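Trainee: The following block contains a protein sequence and its predicted model.
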Amino acid sequence: MTHLSSQLYTSHVLDELKELQAVNFDQALVSDYIEAVEGKLIDNLVPPEAIICFALKALEGKLDIKPGMIHTSQGLEIFKPIDIGATIYYNGQLLKKTKKLDVETSLFKVDAFNQDGELVLSAISTLVSPE
Amino acid sequence: MNLDWKPGDILPTITKKLTQEKITRYAQVSGDHNPIHTNEKFARHTPFKGTIAHGMLLLAYVSQLLAEAFGASWYSRGKLSLRFKAPAYTNDIITISGQIESVEDDGYNCKLVCLLSCYNQEDKILINGTAEITEPKNG
């Protein structure tokens, strides 16, 4: 999936999307999320951090994200707005894992694509888990 | 987006009280059921000594601050980098604040860089970081 980019719209790319973990950001999911974070809807768009929130859940098994892990840093870059109703496909990878004393630190990268194969958001998360 | 921001301008702050109910609600929606967030008995026996909010919940509050200040521009062409320095505990009152650090205008786009922080009722910094928002000048 590494050659996916926002410039590619071929059926080959769209086929590859089908192999990724996907989340549909329908009205119900977004409303639930916004209520939980006491936010408000802006221009019928999905809040960008919601894309990461659900990415971590969707990729939990694939990326070996352990239940007890805690965030120590988060980066994100938004390339395109995401409308409610969009299906987002996640490509996640573990960039680095280190262990110091009893603390394991993992660096994950997640790319989020819309249903047209366009890269809409990238995020890098650092999570730690005491062994 | 308002293109009249200047370096030094203060963004409107956001203050939230982190009740256990809110944290548990976030756990249900996000699917992150780590007991450090939701189980007081479990959390007492961890180095944190009590339940703490999800980092991603705090990030959502930071995102709200940016949405309040910059509207849909934040959702369209934004960049964020945050460091979680200390945990936010249940019943903490947290404030998210921001300040414009720089404004770059190349004639086509306006790029704002903001310094961000989140601190608790004891003025302890929980999160710091930066955000960039880019807006086409004709957009």
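Mentor: The structure has been received and is ready for your questions.

Trainee: Return the backbone torsion pair for A:Val46.
Mentor: phi -80, psi 130 (degrees, to the nearest 10).

Trainee: for A:Gly61, same thing?
Mentor: The phi/psi pair for A:Gly61 (degrees, to the nearest 10) is phi -70, psi -40.

Trainee: which one is the closest residue to chain A within chain B nearest to, not counting chain neighbours?
Mentor: Minimum separation of chain B from chain A (Cβ to the nearest Cβ) falls at B:Gly55, amounting to 3.0 Å. All C-beta spots, glycine's among them, are computed from the backbone N, C-alpha and C. Excluding the flanking residues, the one nearest B:Gly55 by Cβ to Cβ, 6 or more residues apart in numbering or on different chains is A:His71, at 3.0 Å.

Trainee: how close does that neighbour sit to A:Ile124?
Mentor: Distance, A:His71 to A:Ile124, using Cβ to Cβ, to the nearest Å: 11 Å.

Trainee: When those two are compared, which one has more neighbours?
Mentor: Just comparing A:His71 and A:Ile124: by other Cβ atoms under 10 Å in any protein chain shown the higher neighbour count belongs to A:His71, 20 against 16.

Trainee: helices or strands next to the one helix or strand the residue nearest to B:Gly55 maps to in the packing?
Mentor: Using DSSP states H and E, A:His71 falls within strand A:70-78. Helices and strands touching strand A:70-78, by 3 or more Cβ pairs under 8 Å, 6 or more residues apart in numbering or on different chains; DSSP states H and E, are helix A:48-58, strand A:119-130, helix B:55-70, helix B:72-76, strand B:78-84.

Trainee: out of these, which comes closest to B:Asn34?
Mentor: strand A:119-130 (9.8 Å; Cβ to Cβ).

Trainee: how distant is that closest one from the center of its chain?
Mentor: Relative to its chain's centre, strand A:119-130 lies at 8 Å (Cα atoms, centre = their mean, to the nearest Å).

Trainee: Also stretch B:24-32?
Mentor: Counting by Cα atoms, centre = their mean, stretch B:24-32 comes out at 18 Å from the chain centroid.

Trainee: For it, list the C-alpha coordinates in PDB.
Mentor: The C-alpha coordinates for stretch B:24-32 follow below in PDB (Å, rounded to 0.1, in the frame of the first residue of the first chain):
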ATOM      1  CA  THR B  24     -16.400   6.400  30.500                       C
ATOM      2  CA  ARG B  25     -18.600   7.700  27.700                       C
ATOM      3  CA  TYR B  26     -15.500   8.400  25.600                       C
ATOM      4  CA  ALA B  27     -14.300   4.800  26.300                       C
ATOM      5  CA  GLN B  28     -17.600   3.400  25.100                       C
ATOM      6  CA  VAL B  29     -17.600   5.500  21.900                       C
ATOM      7  CA  SER B  30     -13.900   5.000  21.000                       C
ATOM      8  CA  GLY B  31     -13.700   1.400  22.100                       C
ATOM      9  CA  ASP B  32     -10.700   2.100  24.300                       C
END
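
Trainee: Residues contacting that stretch, please?
Mentor: The contact list for stretch B:24-32, computed with Cβ atoms under 8 Å, 6 or more residues apart in numbering or on different chains, reads A:32-33, A:35-37, A:53-54, A:56-57, B:33-34, B:37-38, B:53-54, B:56-57.

Trainee: try 10 Å
Mentor: Residues from elsewhere that reach stretch B:24-32 (Cβ atoms under 10 Å, 6 or more residues apart in numbering or on different chains): A:29, A:32-38, A:50, A:53-54, A:56-58, A:60, A:65, A:67, A:69, B:18-19, B:33-35, B:37-39, B:51, B:53-57, B:60, B:90.

Trainee: thinking again about what came up before, pLDDT of the strand holding A:His71, averaged?
Mentor: For strand A:70-78, mean pLDDT rounds to 95.

Trainee: Can you mark which positions in it are buried?
Mentor: A:Ile70, A:His71, A:Thr72, A:Ser73, A:Gln74, A:Gly75, A:Leu76, A:Glu77, A:Ile78 (16 or more other Cβ atoms under 10 Å in any protein chain shown).

Trainee: Tell me how many other residues surround A:Gln45.
Mentor: Wrong residue type there; residue A:45 is Leu, not Gln. Using other Cβ under 10 Å, A:Leu45 has 20 neighbouring residues.

Trainee: No more questions from me, cheers.
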